[in-house]
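Engineer: give me coordinates for this.
(3 chains)
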Amino acid sequence: MQYWLMKSEPDTFGIDDLKACPDGTEHWDGVRNYQARNMMRDQMKKGDRVLFYHSACKVPGVAGIAKVVKEAYPDHTAQNPDSKYYDPKATQDNPRWFMVDVKYERKLKRLIPLSELKSNPALEGMQLLKKGNRLSIMPVDDAHWQAILAME
DNA sequence: GCCAACGTTGGC
DNA sequence: GCCAACGTTGGC
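Structural biologist: Modelled structure (predicted):
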């Protein structure tokens, strides 16, 4: 079992939006970065748990927990010319982009702001906190997972 | 294969 | 809205 962190912009799709989905489950479409895609496609397994992170908003931080309920399959939005995630290079034979399904588990008791994560010595070295980090999906160490939940 | 130009992410 | 960091594109 692996822990992950996945970023989403709450103005577009936040933890409450996931919660509101049928069965609390939604496909994680729109990943258009190769590193993130590879991790999602090759390493994310059913049952893995995910920190749902709110990015590009007033108070960025960890908002809740979700879990992977379906492993990677082609991201069909890449083949839809009307989608903002359309990629003309994606085809049926070579879908190029993938997604997983995640299911809402719970919101944290409070949103844990990035500023607090940064000042927690237990989280030193965490990928999220590294300068210039722009990956929307990244693995989280067991110890870091525990340390974050201890901040609730 | 190099690298400049450009686009995007995301914190502040 | 600014800007640093990074990824991608495309000319050469």
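
Engineer: please enumerate the helices of chain A.
Structural biologist: For chain A, the helices defined by DSSP state H occupy A:10-13, A:15-20, A:34-42, A:114-118, A:142-149.

Engineer: now those helices as a markdown table including mean pLDDT, mean neighbour count and distance to DNA strand B?
Structural biologist: Using the backbone N, CA and C atoms, a C-beta is placed for each residue, glycine as well. Formatted as a markdown table, the helices of chain A follow (pLDDT from 0 to 100; neighbours: other CB atoms under 10 Å; distance: least, CB to the nearest atom of the strand, whole Å):
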| stretch | mean pLDDT | mean neighbour count | distance to DNA strand B |
| --- | --- | --- | --- |
| helix A:10-13 | 94 | 14 | 10 |
| helix A:15-20 | 96 | 16 | 15 |
| helix A:34-42 | 94 | 16 | 9 |
| helix A:114-118 | 96 | 15 | 5 |
| helix A:142-149 | 97 | 16 | 14 |
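
Engineer: export the ones you listed as a markdown table, with columns for distance to A:Asp48.
Structural biologist: Formatted as a markdown table, the helices of chain A follow (distance: least, CB to CB, whole Å):
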| stretch | distance to A:Asp48 |
| --- | --- |
| helix A:10-13 | 19 |
| helix A:15-20 | 16 |
| helix A:34-42 | 10 |
| helix A:114-118 | 20 |
| helix A:142-149 | 11 |
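
Engineer: can you redo those as a markdown table with distance to DNA strand C?
Structural biologist: Shown next, in a markdown table, are the helices of chain A (distance: least, CB to the nearest atom of the strand, whole Å):
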| stretch | distance to DNA strand C |
| --- | --- |
| helix A:10-13 | 12 |
| helix A:15-20 | 21 |
| helix A:34-42 | 4 |
| helix A:114-118 | 14 |
| helix A:142-149 | 19 |
